[in-house]
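Peer 1: Build me a model from this:
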Amino acid sequence: MNNQTILDILTQTSEYVSGQALAGTLGVSRQAVWKGIRALREQGYAIESVPNRGYRLRMMPDCLNAAAVRSFLAAAVIGCELEVLESVGSTNDYLKALAAKGAKSGAVVAAREQVSGKGRLGRTWQSKKDENIAFSVLLRPHIAPTEVACVTPLTGLAVCKALRAFTGLDCQIKWPNDVIAGRKKLCGILTEMSAEFDAVEYIIIGIGINVNQTDFPTEIAEKATSLLLETGTRFDKNKLLACILQQMEEEFLRNNLELTPQALGEYTSLCATVGREVGFSRGGKPCTGTAEGVAPTGALLVRLPDGAVAAVSSGEVTAQGIY
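Peer 2: Sure thing, here's the model as predicted:
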């Protein structure tokens, strides 16, 4: 018996559920139910028990947990399968293993602690236990590998809009995959895929959000921030994750995983990189120019000193005034 099944039953009602009813539904003994309740209490779930009435969930722990996320989640696809781990090396790697075993499109894996998180260009994503949100989403779209480039900016748009709505913070996007507050990083996104020559098998989108963290390693202390540092408020991570998953589903369905004119317009209006002087590498040589916009492919359009426009689709791009 999985204790999660007990939680799933208790979260569906505000009434007491008898131990006998739980045992009958789960096909286990009442002793097994009692052991499951005890284990859940040890994890921080406040579960009342009254003789002749049964058990009732009174309060969930404030740490990230699947039952709480599900109770707030209205999405139909994203989060159809949802797992919250105590600790994991990388949610992306964990979800890759599930994808290889047939996990459904929309499956989500989150973790209270991620000890070997991955960022772009081989970087690591550092996160302390129960301070932030680290999660990955599995998609199985019927698209060609060349069309995957739009997924990252669409995800950035969804996360940025969700954070703005949930926190009231004036978040923006740093092309291509960071969400920022002011000039500091709040969130990073890493998109990976498994594909054949002409078809995508699956896409995994990894997202890390600094929520309640107040101190960072020296090497990123001047570049990173958190929702708590920016607002002075501790936000419910379960509600926030549900909000983000909902917004991701809406953006993906509304735009069919493409940067439609509407999505591109919204992304550009929220992109702090546009209008700034940027630096990047082209043909192995350093270049500078002014970011003028974003192409429907997701590439950053940069006006060079000679007047030509370069479409930058990969690599490191520095933006003046942003970490």
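Peer 1: show me where pLDDT drops low in this structure?
Peer 2: Applying pLDDT under 70 to the chain flags residues 1-2, 117-127.
Peer 1: residue furthest from the geometric center of it?
Peer 2: residue 52 (42.5 Å; Cα atoms, centre = their mean).
Peer 1: Report how many residues lie close to the residue lying closest to residue 199 once chain neighbours are set aside.
Peer 2: Computed as Cβ to Cβ, 6 or more residues apart in numbering, the closest residue to residue 199 that is not its neighbour in sequence is residue 144, at 6.7 Å. The C-beta positions use only the backbone N, C-alpha and C, and glycine is treated the same way. Using other Cβ atoms under 10 Å, residue 144 has 13 neighbouring residues.
Peer 1: before we move on, what SS does the residue farthest from the centre of the chain have?
Peer 2: coil (DSSP: H, G, I helix; E, B strand; the rest coil).
Peer 1: Going along the chain, name the strands of the stretch 51-200 of the chain.
Peer 2: For the stretch 51-200 of the chain, the strands defined by DSSP state E, counting those that start in this stretch cover 54-59, 82-85, 108-111, 117-118, 124-125, 133-139, 172-174, 178-181, 184-195, 200-209.
Peer 1: can you put the ones you listed in a markdown table and add mean neighbour count and distance to residue 315?
Peer 2: Compiled in a markdown table, the strands of the stretch 51-200 of the chain are given as follows (neighbours: other Cβ atoms under 10 Å; distance: least, Cβ to Cβ, whole Å):
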| stretch | mean neighbour count | distance to residue 315 |
| --- | --- | --- |
| strand 54-59 | 17 | 48 |
| strand 82-85 | 20 | 32 |
| strand 108-111 | 26 | 29 |
| strand 117-118 | 22 | 17 |
| strand 124-125 | 16 | 19 |
| strand 133-139 | 25 | 23 |
| strand 172-174 | 24 | 14 |
| strand 178-181 | 24 | 14 |
| strand 184-195 | 21 | 15 |
| strand 200-209 | 23 | 19 |
